[in-house]
Each structure stands twice: as C-alpha cells, then as structure tokens.
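Trainee: Model the structure of this input:
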Amino acid sequence: MLCDDRMRLLHTSDWHLGHQLHGVARDGEHAAFLAWLVEQAVAEQVDAVVITGDIFDGSNPPATAQAAYYGFLAEIGARLPGVEVIVLGGNHDSPARLEAPAPLLERLRVRVVGALPRDDHAVAWDRAVVPLHRRVRGKPGPVAAWLLAVPFLRVGDLAGHVDGDGVPDPAIAIAALYAEGVAAARARAGALPLVITGHLHVTGAEPSILSERRVLAGGAEALDAGLFGAGEVAYVALGHLHKAQRVGGHDHVRYAGSPIPLAMAEAGYKHQVAIVELPAAAGDGAATVRTLAVPRTVELLRVPRRGAAPLDEVLAELAALPPLDDDAVLERRPYLEVRLRLDAPVPQLRARIEQAVDGKLPRLVTISVERAGSGAALGDGAPGVSLADLEPREVLIQRWRREHAGEPPAPLLAAFDELVARVQEGRP
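Mentor: Okay, here's the model as predicted:
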C-alpha cells in the first residue's frame with residue numbers, strides 16, 4: 001500500500017476520445033473508462049493526474065469527445081478537491097484547441113501544455129516546469145515535486161539542429177531540447193523530486209503496428225531514453241505507445257498505454273493506469289509504481305485467433321460463436337475481425353461471412369484478406385494491412401521505394417511531415 005506522507009500521481013495516456021474502430025464509435029467504452037478513472041483517483045486519494053497526450057483521436061474532435069473530456073475534468077475536480085491535472089498535447093491533438101480554454105481550466109487546477117511554450121523564438125521553460133502540490137484536507141498544500149511538461153514536439157520546435165551533412169536532424173534537436181528542459185527543471189526543483197514527461201517513441205519500447213503514428217517530428221522513429229537525463233529523476237511519464245510497459249527494465253520509466261484497444265491488433269493488450277508514489281526528496285531514489293488494470297467493457301475477437309485461415313476453416317469457427325440473445329446490448333457486443341487466407345478471389349465473400357455471423361453475439365467490424373502467392377504490396381509482411389491502416393508517411397515511403405528503388409531523401413520527408421502536421425492541426 002502507498003504511504004500517506006508521499007505525493008501520489010495517477011499517470012494515464014492516449015485516451016483517443018472520438019476514436020472509431022472500423023466506423024464504430026467508442027463513446028460508450030470511453031465513458032465507462034472515465035467514470036472508472038474518477039473512482040480510482042478518489043479511492044487512491046491522488047494528489048495529481050498526469051495525462052501524457054493524445055487526449056483526442058484527431059485535431060477536430062466531435063462534440064461527444066469534447067463533452068467527455070470536459071465532463072471528466074469537472075467531475076474529478078468536484079470529487080477530489082484540490083487535485084491537480086496536467087494535460088499534455090499529443091501528435092493527434094490540436095495544440096491550439098487544447099490550450100484555448102486554459103484560462104478557465106486553470107481555475108479548476110488543470111494545467112494544459114498543448115505545445116512547447118515560447119516567448120518569441122525561445123522556449124519558455126519557466127512555463128513548462130510545473131509545481132506539483134500535495135492535497136491537504138481537500139486544498140492545495142505545499143509543493144512536493146516538480147514536473148517538466150514536454151508535449152509532442154513538432155517540426156517547428158526543431159529548427160536549427162542539423163547533422164554533420166547539414167541535414168535537419170530531429171533526434172539531435174529533441175535531445176538538445178530535453179537537455180535544456182531537464183536542466184531548467186532540475187534548477188527549479190532543487191531538493192524536491194522531479195517528474196519528466198514526453199509524448200514520443202523511445203528505443204526499446206514495443207509499439208502497436210497498426211494503431212499508432214510511429215514517426216516523431218521530422219521523421220525520427222525512436223529516441224534513446226538517455227535524453228531524459230541521468231541521475232535523480234523520480235519518474236518519467238510517457239505517452240504515444242498504446243501498449244503499457246516499462247522502458248529498459250526501469251520501473252520508473254513507463255508508458256501508461258491507452259485505456260482501450262484502438263485496433264484489433266491490440267486485443268491482447270493489458271490496458272492500465274499507473275499509480276506513482278514519489279520519494280520525499282530528490283536523493284531518495286526512484287518512485288514506487290503500481291498499476292491498475294482498466295476493465296474492458298467490450299471484448300475483441302479475431303477468427304482465427306492467430307494468423308489467417310482458409311475460408312472453410314473460418315466458416316467452421318464462425319458457426320461455433322455464441323448466439324445473440326434478447327438481453328444483449330448493442331454497445332457491449334464483442335467486436336469481430338475475420339482473417340482469411342485465400343488462393344483466389346471468392347465470389348460474394350463478404351455476403352458469405354455476413355451470413356455466417358448473422359444471429360451471433362459478436363458484431364463483424366472488419367474482414368482482412370491475405371492473398372497467398374500475391375506479389376508485394378503496401379504493408380509488405382503484415383497480412384491484412386489495408387491502405388486505411390497506414391499512416392500518410394508510410395504510404396509515401398512505400399510508393400517512393402516502388403518508383404525509385406531507394407529511400408526518400410530526408411529533406412523531402414521533413415517537408416512532408418510538416419505538411420501533414422499542418423493539415424492535421426488545421427493550420428494554413
């Protein structure tokens with residue numbers, strides 16, 4: 001059990017409010033998660049909640065997603081007076097949209113850092129280093145720790161950093177920014193414990209292939225965990241990867257992961273949030289971490305469970321699925337993915353699959369087809385990957401390889417990433 005005299009954080013990430021799984025809205029699942037999350041925060045009597053990015057699934061989230069987000073902030077503030085909430089922007093979020101209500105949210109003790117704060121062209125690290133207060137009898141108490149709030153870093157944050165050939169290098173830029181930020185945070189924290197955050201892919205962590213935008217700003221796919229600084233860091237709270245995990249075997253460097261599976265490939269994930277007990281002082285070692293499993297309200301089924309199978313085998317498995325009963329609630333019925341391996345086209349394939357699942361409890365959301373003996377295509381080596389499953393950058397890379405028999409130049413990728421970011425964020 002956590003000690004009552006230590007500061008407690010709840011670390012959660014990658015909510016992706018507004019997400020749809022093959023066209024099916026996930027509002028009910030998210031509502032159940034957020035209600036559960038409030039109850040856990042109250043039961044654990046946490047002092048702060050840290051959300052490390054991708055609050056929304058897109059830069060222009062639907063009204064239902066925004067209502068769920070603001071409803072959570074209001075509810076947790078009412079149920080847990082004095083709690084602080086730190087919200088970081090992720091690569092799916094619009095920084096401007098997240099930060100627009102910041103003056104109002106600050107009255108609820110919600111600190112939003114959608115983009116790296118700047119004064120003119122310089123990073124305003126004083127606005128990214130956040131004090132964390134203990135709750136004392138339902139009110140903000142003394143500062144017990146400090147947090148370096150680093151959201152997803154975009155191309156505009158990385159200007160001026162190049163490699164030996166003069167090509168913009170996002171890895172060099174991100175490492176330099178973190179070095180500046182960690183130094184500023186250490187100076188501010190003094191003898192108090194320090195929490196570092198980030199929304200990025202760190203080397204040694206396992207991504208989910210089909211549900212994450214794997215690239216960082218400027219095209220860097222993964223960065224070394226050493227960029228968070230050596231020495232006395234109490235906890236590193238990470239977002240972006242949907243699989244909850246420790247990094248490099250360090251319990252205090254952790255991805256919280258997404259609270260619900262965001263692709264059928266994540267059916268086997270153990271979704272969770274982290275309860276973090278910080279040490280009393282910077283020299284007292286790393287934080288103590290405990291995880292809470294998020295209840296899954298809708299199951300994901302894949303037929304067959306592993307790989308793909310011929311049509312006759314698939315139809316036999318579908319026939320054995322449980323029947324639909326009168327008490328079944330549509331929003332709670334399992335999602336079903338059917339995965340086929342075919343030697344040749346099958347007439348009326350979808351109609352045959354739909355007929356096989358008619359009257360069954362699971363609801364069909366997608367059919368994946370692996371064509372045996374077919375030539376190379378987008379998504380080589382990943383059966384069932386469709387164009388819709390790929391990120392724009394991966395489509396560009398695959399097409400470039402096909403047309404030019406090589407890798408696209410780094411400047412071209414950097415320009416493409418900036419263009420995609422502008423479109424996703426609604427910038428001119």
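
Trainee: List the buried residues for stretch 407-418?
Mentor: Of all the residues in stretch 407-418, those buried under the rule 16 or more other C-beta atoms under 10 Å are Pro408, Ala410, Leu413, Ala414, Phe416, Asp417, Glu418. Every C-beta, even on glycine, is put in place using the N, C-alpha and C of the backbone.

Trainee: Mind checking which of those residues are in helices?
Mentor: Mapping these onto helices (DSSP state H) picks out Ala410, Leu413, Ala414, Phe416, Asp417, Glu418.

Trainee: in the longest helix seen in the chain, what's buried?
Mentor: Scanning the chain for the longest helix, with DSSP H as the assignment, gives helix 170-189. In terms of neighbour count (16+ other C-beta under 10 Å), helix 170-189 has its buried residues at 170-175, 177-178, 181-182, 184-186, 188-189.

Trainee: Name the member of the residues you listed with the shortest distance to Leu238.
Mentor: For the buried residues of helix 170-189, the closest approach to Leu238 (C-beta to C-beta) belongs to Tyr178, at 12.4 Å.

Trainee: can I see the domain layout of this structure?
Mentor: Residue ranges for the domains of the chain, per automatic domain parsing: 8-293, 300-390.

Trainee: Name the stretch among these that sits most buried.
Mentor: Most buried of the domains of the chain by mean neighbour count (mean count of other C-beta atoms under 10 Å) is domain 8-293; its value is a mean of 19.

Trainee: picking that back up, least confident of the domains of the chain, on average?
Mentor: Least confident of those, judged by mean pLDDT, is domain 300-390 with a mean of 83.

Trainee: where does that domain sit relative to the chain's centre, distance-wise?
Mentor: Centroid separation for domain 300-390 versus its chain: 26 Å, with C-alpha atoms, centre = their mean, to the nearest Å.

Trainee: Stretch 23-32 now?
Mentor: With C-alpha atoms, centre = their mean as the basis, stretch 23-32 stands 16 Å off its chain's centre.

Trainee: hmm, who's touching that stretch?
Mentor: Identification of contacts with stretch 23-32 by C-beta atoms under 8 Å, 6 or more residues apart in numbering yields 15, 17, 19-20, 64-65, 68, 259-260, 295, 297-298, 331-332, 335, 363, 365.

Trainee: Tabulate the CA atom coordinates of stretch 394-409 in CSV.
Mentor: The C-alpha coordinates for stretch 394-409 follow below in CSV (Å, rounded to 0.1, in the frame of the first residue of the first chain):
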residue,chain,number,x,y,z
GLU,A,394,4.4,5.2,-44.7
VAL,A,395,2.4,5.4,-47.9
LEU,A,396,4.9,7.9,-49.2
ILE,A,397,7.8,5.7,-48.3
GLN,A,398,6.4,2.6,-49.8
ARG,A,399,5.5,4.4,-53.0
TRP,A,400,8.9,6.0,-53.2
ARG,A,401,10.6,2.6,-52.8
ARG,A,402,8.5,1.2,-55.6
GLU,A,403,9.0,4.1,-58.0
HIS,A,404,12.7,4.9,-57.2
ALA,A,405,14.2,1.8,-55.7
GLY,A,406,15.5,3.5,-52.6
GLU,A,407,14.6,5.6,-49.6
PRO,A,408,13.1,9.1,-49.9
PRO,A,409,15.5,11.9,-49.1
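
Trainee: Buried residues, it. List them.
Mentor: Buried, per 16+ other C-beta under 10 Å, within stretch 394-409: Glu394, Leu396, Ile397, Gln398, Trp400, Pro408.

Trainee: Need the phi and psi values for the fifth one.
Mentor: In this case it means Trp400. phi -60, psi -40 (degrees, to the nearest 10).

Trainee: can you pull the contacts of it?
Mentor: By C-beta under 8 Å, 6+ apart, the residues touching Trp400 are Gly406, Glu407, Pro408.

Trainee: Make JSON lines from those residues and add pLDDT and distance to Leu241 to it.
Mentor: Shown next, in JSON lines, are these (pLDDT from 0 to 100; distance: C-beta to C-beta, whole Å):
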{"residue": "Gly406", "pLDDT": "76", "distance to Leu241": "29"}
{"residue": "Glu407", "pLDDT": "82", "distance to Leu241": "24"}
{"residue": "Pro408", "pLDDT": "83", "distance to Leu241": "25"}
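
Trainee: Would you tell me which one of those comes nearest to Arg127?
Mentor: Pro408 (36.2 Å).
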